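Asks: Pasted the sequence and its predicted model underneath.
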Amino acid sequence: MKRTYLVAAAAVAAFGLAWPATAQVKLKYAHVYETNEPYHTEAVWAAGEIAKRTNNKYQIDVFPASALGNEQQINQALPLGTIDMIYTGAAFAGATFKPIAISNAPYMFQSFDHWKAYSESPLFKELADGYDKASGNKILALTYYGARHTTANKALMTPADTKGMKLRVPQAPLYLMYAKAIGANASPIAFAEVYLALQQKTVDGQENPLPTIQAKKFYEVQSHINLTEHIFESLVTVVGGPLWNRLTPPERQIFDEVWKQAAVRATSAIRDSEQKLPDWFKSQGKTVVVPDKAAFIEASKPLHNDAASGAGWTKDQYDRLQALGKKS
């Protein structure tokens, strides 16, 4: 009987047959967003779904609100294996592979439909593959972060109104491009420190999507919500190389399917939320401003292919992205 059991066990090992999982593998998923935002709630949903689909082999603990570090730090942790998965802005992924950041240039997209066409395009897949090769990590999904708008304690009708203002932006070249285009003084401050910087008037304003402005309560310390809609932001879901390389093909398929589903769910929630929020901000006593968007676009376009300002893509990639807007 003992010999029969050993032979059977050897057969399982040789042919990769799966016993029910006995040892749980704990994984860390990190991001910088609040627990009430769809990015986080859908990450928690995905963690539970992956546990279910892998017979509880993988337990994913989701660490929100910069608990494991800021954007740069969590990106740097991926290849080390100290963090296994992250959400990160496309602009931060661009630190490793510049062309992937094209989606974060100011006024690169004409509309949400243009962004959606890009998210489903061969161009995005090509850029994601380029990032994978450059980094050794794996992009699984693209999530809509929202259209970014500019808050301040005054109306910003044209770039002339932003000249010289201290504008908090994330520390990545494409956000600096926006500040440069509109004549503001860029103040890169970690996301977790923005509220205090606004409250203490270390900076005059900041820019983020409406759901983030609500979730981080920036509206409490800013009087005007200026609907500049300057960047249709994306987050990429990235699995670190150390984890991806040890997943089996069936496990990779599960991770890929689940994170793509989470991206669709979060995108839908964010899009729905940002369309309702202008009225909500008004109900909070805030002044919602509709600026002269054409003037902001005119100021930004000259920098779209200016390498000195952070553009790291080719003219062909730029033209292909713009062509998607004509089809959407």
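Replies: It's in.
Asks: nearest residue to L174 other than its sequence neighbours?
Replies: Once flanking residues are discounted, L174 sits nearest to N104: 4.0 Å by C-beta to C-beta, 6 or more residues apart in numbering. For the C-beta atoms, the positions are set from N, CA and C on the backbone; glycine is no exception.
Asks: how many other residues sit next to the one you found?
Replies: N104: 28 surrounding residues under other C-beta atoms under 10 Å.
Asks: ok, it - contacts?
Replies: N104 makes contact with G89, A90, A91, G94, A172, L174, Y175, I231, E233, S234 under the criterion C-beta atoms under 8 Å, 6 or more residues apart in numbering.
Asks: Tell me the spacing between the closest residue to the last one other than its chain neighbours and I297.
Replies: Spelled out, it's S234. Excluding the flanking residues, the one nearest S234 by C-beta to C-beta, 6+ apart is A90, at 4.5 Å. Per C-beta to C-beta, to the nearest Å, A90 is found 20 Å from I297.
Asks: So between the two, which is more surrounded?
Replies: Neighbour totals were compared for A90 and I297, and A90 leads with 25 against 16 (other C-beta under 10 Å).
Asks: Let me see the contact set for that one.
Replies: Contacts for A90 (C-beta under 8 Å, 6+ apart) come out as I100, A101, I102, S103, N104, L142, E233, S234, L235, V236.
Asks: Identify the farthest-apart pair in the residues you listed.
Replies: Maximum pairwise distance among the contacts of A90 (C-beta to C-beta): 14.9 Å, between I102 and L235.
Asks: any idea of the pLDDT on A91?
Replies: Looking at A91, its pLDDT reads 93.
Asks: Output the lowest mean pLDDT helix or strand found in this protein.
Replies: Of all helical and strand segments in the chain, the minimum by mean pLDDT, DSSP states H and E falls on helix 2-15, at a mean of 38.
Asks: Could you point out the helix or strand that follows that helix?
Replies: Next along the chain after helix 2-15, taking DSSP states H and E as the criterion, comes strand 25-30.
Asks: what are the pairing partners of that following strand, and which direction each?
Replies: When pairing is defined by DSSP bridges, strand 25-30 lines up against strand 58-63 (parallel), strand 85-89 (parallel).
Asks: then the first one to CSV, C-alphas only?
Replies: Included here for strand 58-63 are C-alpha records, laid out as CSV according to Å, rounded to 0.1, in the frame of the first residue of the first chain:
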residue,chain,number,x,y,z
TYR,A,58,-3.4,32.9,-3.0
GLN,A,59,-4.4,35.4,-0.3
ILE,A,60,-3.9,38.9,-1.5
ASP,A,61,-3.7,41.6,1.2
VAL,A,62,-4.5,45.1,-0.3
PHE,A,63,-2.6,48.0,1.2
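Asks: same for the helix or strand just after that strand, what does it pack against?
Replies: Per DSSP H and E, the first helix or strand lying C-terminal to strand 58-63 is helix 71-77. Under the contact criterion of 3 or more C-beta pairs under 8 Å, 6 or more residues apart in numbering; DSSP states H and E, helix 71-77 touches strand 85-89, helix 90-93.
Asks: Mind doing that once more with 7 Å?
Replies: Counting contacts by 3 or more C-beta pairs under 7 Å, 6 or more residues apart in numbering; DSSP states H and E, helix 71-77 packs against strand 85-89.
Asks: Can you pull up the most central residue in this structure?
Replies: Residue closest to the mean C-alpha point of the chain, counted by C-alpha atoms, centre = their mean, is L235 at 1.9 Å.
Asks: Please spell out which residues along stretch 107-124 are buried.
Replies: Neighbour-count burial for stretch 107-124 flags 107-109, 112, 114-119, 121, 123-124 (criterion: 16 or more other C-beta atoms under 10 Å).
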